[in-house]
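Visitor: Okay, sequence plus prediction incoming.
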Amino acid sequence: PLLLAAVRTRWSLHRRAGILLSTLAIFGVVQLGMTQLTGSGRITLLALPLVATILVGTRTGWLMAACSIAIFAGVSVLIHGFGLHSWISLQAPLPVVRYETWILQGIRLAAALLPLMLLLTRFQILQRQSLIAERMALRRLEQESADRKRLEYEIARISEAERRRLGADLHDGPCQYLTATLLNCSAMEHQWMAAGF
């Protein structure tokens, strides 16, 4: 199932994570059933919520933490009540560990799992907040860049209009003055010619 989940990339992440998590849970049950408290079944059950939190999210992680504790309790009940270890053991079955030891180990599992889940949940909250802050900063930067480009365009447009106005004022003012002077000179010339000068 793990290879199938890895190869089938068309499946959603939640579906592939579900296959991985269910395989880990089954693996933990088999390990606990075969080796009781001497094997790595507890570590598998400890890894189950951590993997779920990392792959899917905190809600699924906490759900898998509850499932890990329920699996641990269920396996201990099945071993003591129904002899589960003799059903799935390929070798000679191990002697049954006392029920009180299972309870103590279950409390230790929960005590180890709770701080890990709290820390991982807090880390994901901080990570999500930093990603949101980064996205907001990027949006603000894009908005400020667009505003800056718009202002640069407006400044360039106003500068060009002002340059044209000044050019027109500089060109038209002296030209009008020179034209008026030329007209006055022409009028004076005609007046002088008419007066006989």
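Guide: That came through, no problem. Numbering: from 1, shown residues only.
Visitor: Show me what the strand or helix carrying residue 128 is packed against.
Guide: Under the criterion of DSSP states H and E, residue 128 resides in helix 99-195. In terms of contacts (3 or more CB pairs under 8 Å, 6 or more residues apart in numbering; DSSP states H and E), helix 99-195 is packed against helix 41-55, helix 58-82. Bear in mind the C-beta positions are built from the backbone N, C-alpha and C, glycine included.
Visitor: Comparing the ones you listed, which stretch has the densest surroundings?
Guide: helix 41-55 (a mean of 20; mean count of other CB atoms under 10 Å).
Visitor: Can you report phi and psi for residue 196?
Guide: Note on residue 196: backbone dihedrals following degrees, to the nearest 10 are phi 100, psi 20.
Visitor: likewise residue 12?
Guide: When read as degrees, to the nearest 10, the backbone of residue 12 gives phi -70, psi 160.
Visitor: That one: neighbouring residues, count only.
Guide: 9 (other CB atoms under 10 Å).
Visitor: what's the answer for residue 26, then?
Guide: Residue 26 has 13 neighbours, counted by other CB under 10 Å.
Visitor: what packs against the helix or strand it falls within?
Guide: Using DSSP H and E, residue 26 falls within helix 13-35. Helix 13-35 sits against helix 2-7, helix 41-55, helix 58-82, helix 84-88, with contacts defined as 3+ CB pairs under 8 Å, 6+ apart.
Visitor: average pLDDT across the shortest one?
Guide: Per-region confidence: helix 84-88 scores 56 on mean pLDDT.
Visitor: and the angle from the helix holding residue 128 to helix 41-55?
Guide: With axes from the mean of the first three to the mean of the last three CA atoms, to 10 degrees as the basis, helix 99-195 and helix 41-55 are set at 20 degrees to each other.
Visitor: coming back round to it: can you lay out the helices and strands packed on helix 99-195 as TSV showing distance to residue 123?
Guide: As requested, these are exported to TSV (distance: least, CB to CB, whole Å):
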stretch	distance to residue 123
helix 41-55	9
helix 58-82	10
